[in-house]
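In: Got a predicted structure plus its sequence, pasted below:
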Amino acid sequence: MIKRGIKVFSTDYKINKKYILDRLTAEEKEMVNIKESSYEALELPKTDLVTAFFSIPFCPPKYFDTLWAKIYDSLNDGGYFVGQLFGNRDGWSHNNSVNTFTEEKVKKYLKEYKIIKFEEKEYVRESDEKNGIIMT
């Protein structure tokens, strides 16, 4: 996205900022804002796009609804959310620190959005044979 001239805000609990910035030109560095934050303390800027790939299911469950509201509130009119949530048959569904959802629950979270594409995919991860269910 940076290489296409799009400003990027990146956040995670721990980020190797040096690793990222060392790979960017001086001009590209001006296009990125990197911030470490926990989910509960996260402050999102207004934006046209939020991407959350294999991340927000790991938000502590007691903060998930607040995080979801922050994501929605950060989007400009006509903005997009692109990401994955784990299904309730995922191999981590018995882990109380991971958020998993039924399709019905995901669609409730998405009720304020115009859904362009919704897909549920079940797979077995080759590295450890974990059963995965993702909804994108």
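Out: Okay, I see it.
In: Which parts of this protein are helices?
Out: For the chain, the helices defined by DSSP state H cover 17-21, 26-29, 61-74, 103-109.
In: of all these, which lies closest to I116?
Out: Taking Cβ to Cβ, helix 103-109 is the member of the helices of the chain nearest to I116, at 13.8 Å. For glycine as for every other residue, the C-beta is placed from the backbone atoms N, C-alpha and C.
In: Please name every helix or strand in contact with that closest one.
Out: If you count contacts as 3 or more Cβ pairs under 8 Å, 6 or more residues apart in numbering; DSSP states H and E, helix 103-109 packs onto strand 85-87.
In: got the contact list for the strand it packs on?
Out: 56-57, 92-93, 98-103, 106, 109, 120, 122, 132-135 (Cβ atoms under 8 Å, 6 or more residues apart in numbering).
In: Work out the sheet partners of that strand and label each with its direction, please.
Out: Sheet pairing for strand 85-87, assigned by DSSP bridges, gives strand 100-101 (parallel), strand 131-135 (antiparallel).
In: right, and these - which one's nearest I2?
Out: Between I2 and the strands paired with strand 85-87, the tightest spacing by Cβ to Cβ is seen for strand 131-135, at 25.9 Å.
In: List the buried residues of the closest one.
Out: By neighbour count on 16 or more other Cβ atoms under 10 Å, the buried set for strand 131-135 is G132, I133, I134, M135.
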